[in-house]
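Visitor: Let me see the structure of the following:
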Amino acid sequence: MSNTESHPTETLCCTAAGGPPPPGIEVITPRDVPLGGPRAMRVRRTLPQRARTLIGAWCFADHYGPDDVNASGGMRVPPHPHTGLQTVSWLFSGEIEHRDSHGVHAFVRPGELNLMTGGSGICHSEVSTPRTTTLHGVQLWVALPEEHRDTGRDFQHHAPAPVVLDGGEARVFLGTLAGDTSPVRTFTPLLGAELTLHPGAGVTLDVDPGFEHGVLVDSGDVLLAGTPLKPAELGYAAPGRTTLTLTNRAAEPARLVLLGGPPFPEEIVMWWNFIGRSHEEIVRAREDWTKGSRFGEVQGYDGAPLPAPELPNAPLKPRGRVR
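Guide: Numbering: from 1, shown residues only. Presented below is the predicted three-dimensional model:
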């Protein structure tokens, strides 16, 4: 998915400087962002924020739906570029058609992971299919480390089987949780899983104490280590925990997305759909996209590519350093 904000900010993302990680749980509230057009589909964005820009290598999180496509027009994101990242698409309902300049034509369906590696440059389109009536899911980005950020284009698909938990179930699409390991390749250690909690149930999960974790609530009345989280909020847990306790206080099932990874040790600059290491690098990426070089072409999409927003007149200033 593209970041379609008309005035995207450049964001410097890094781990907290010095000292131990803050204790307890942070609650990150989302901000609404339109995906563009007169019938704009809106998403709820929890990463990046001024308060926190990274959870492990996870650097972008959009949560959308349940969205009536007859009213909103659904998702229609024209071909757009990416550098220095992987996109992670995960649906709860609906279907999205994916095409990219690596030659991949695939469909995103509920419970199936689609992971695209942009590396030095890729472009893709995303369109909800005509048979979709309700669109509901998350779109996530992973920052690539310096060693691998110019890697080649790639695409991986995985449909994880459910893992039974005492009080719910999990679908592990990246990393390892509850004895299940995803076969999908990543360039830093990561955890990504959809969790369903039974009504009134709680689960305690063994987790890597070197990871920081984020819990994005889709539905339910949820507690993360005793801290309430509302739907669309993201709860952050600092490294050092060997377990995470999640409780659903609602009379209906709760659904969550659990993210994790070791604190990302590098500073990264994010602007629009690009991740780089400097202002000049972002400018070059925008110029290449505008000129039609570097990123390739998406075959089979009916329409023009997404134009890049204008850069501000003054040099872009990094924002979003973690406290």
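
Visitor: Which elements pack onto the helix or strand harbouring Thr204?
Guide: Thr204 belongs to strand 202-206 when elements are defined using DSSP states H and E. Here strand 202-206 touches strand 243-248, going by 3 or more C-beta pairs under 8 Å, 6 or more residues apart in numbering; DSSP states H and E. C-beta: built from backbone N, CA, C; applies to glycine.

Visitor: Now do the strands in the stretch 1-150 of the chain.
Guide: Secondary structure of the stretch 1-150 of the chain by DSSP state E, counting those that start in this stretch: the strands cover 11-13, 25-28, 31-34, 42-47, 58-68, 76-82, 85-93, 96-100, 105-108, 113-117, 122-128, 134-143.

Visitor: er, the stretch 201-323 of the chain actually
Guide: Under DSSP E, counting those that start in this stretch, the stretch 201-323 of the chain gives strands at 202-206, 212-219, 222-224, 227-229, 234-237, 243-248, 254-261, 268-271, 274-276.

Visitor: Okay, angle between the strand holding Thr204 and strand 212-219 too, please.
Guide: Interaxial angle of strand 202-206 relative to strand 212-219 (axes from the mean of the first three to the mean of the last three C-alpha atoms, to 10 degrees): 150 degrees.

Visitor: Next, the buried residues of strand 202-206.
Guide: Along strand 202-206, these residues count as buried under the neighbour rule (16 or more other C-beta atoms under 10 Å): 202-203, 205.

Visitor: next one: that strand to chain centre, how far?
Guide: 23 Å (C-alpha atoms, centre = their mean, to the nearest Å).

Visitor: List the contacts of it.
Guide: 165-168, 177-178, 195, 197, 223, 242-248, 258 (C-beta atoms under 8 Å, 6 or more residues apart in numbering).

Visitor: In ChimeraX, how would I select the buried members of those residues?
Guide: Buried members of the contacts of strand 202-206, defined by 16+ other C-beta under 10 Å, are picked up in ChimeraX with:
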select :165,167,168,177,178,195,197,223,244,246,247,248,258
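
Visitor: Show me which of the buried residues of strand 202-206 is closest to Glu252.
Guide: Within the buried residues of strand 202-206, the smallest distance to Glu252 is 15.1 Å, found for Gly202 (C-beta to C-beta).

Visitor: Against Gly261, how distant is the closest one?
Guide: Distance of Gly202 to Gly261, computed by C-beta to C-beta, to the nearest Å: 24 Å.

Visitor: Let's check: the centremost residue of this protein is which one?
Guide: Leu140 (1.2 Å; C-alpha atoms, centre = their mean).

Visitor: ok, now which ones touch the closest residue to that one other than its chain neighbours?
Guide: Using C-beta to C-beta, 6 or more residues apart in numbering and skipping the chain neighbours, the partner closest in space to Leu140 is Val88 (4.1 Å). The contact partners of Val88, by C-beta under 8 Å, 6+ apart, come to 113-115, 139-142, 173-174, 192.

Visitor: again, only using 10 Å
Guide: Residues near Val88 by C-beta atoms under 10 Å, 6 or more residues apart in numbering: 58, 60-61, 113-116, 138-142, 156, 173-174, 184, 186, 190, 192, 259.

Visitor: Then Arg99?
Guide: Contacts of Arg99 by C-beta under 10 Å, 6+ apart are 79, 105-106, 123-127, 297-301.

Visitor: could you flag which of these are buried?
Guide: 79, 106, 123-127, 298, 301.

Visitor: Among those, which one sits closest to Glu267?
Guide: Using C-beta to C-beta, the buried ones among the contacts of Arg99 come closest to Glu267 at Cys123, 25.5 Å.

Visitor: Tell me if I'm right that that closest one and Thr87 touch.
Guide: No - checked against C-beta atoms under 10 Å, the pair Cys123 and Thr87 is beyond contact range at 11.4 Å.
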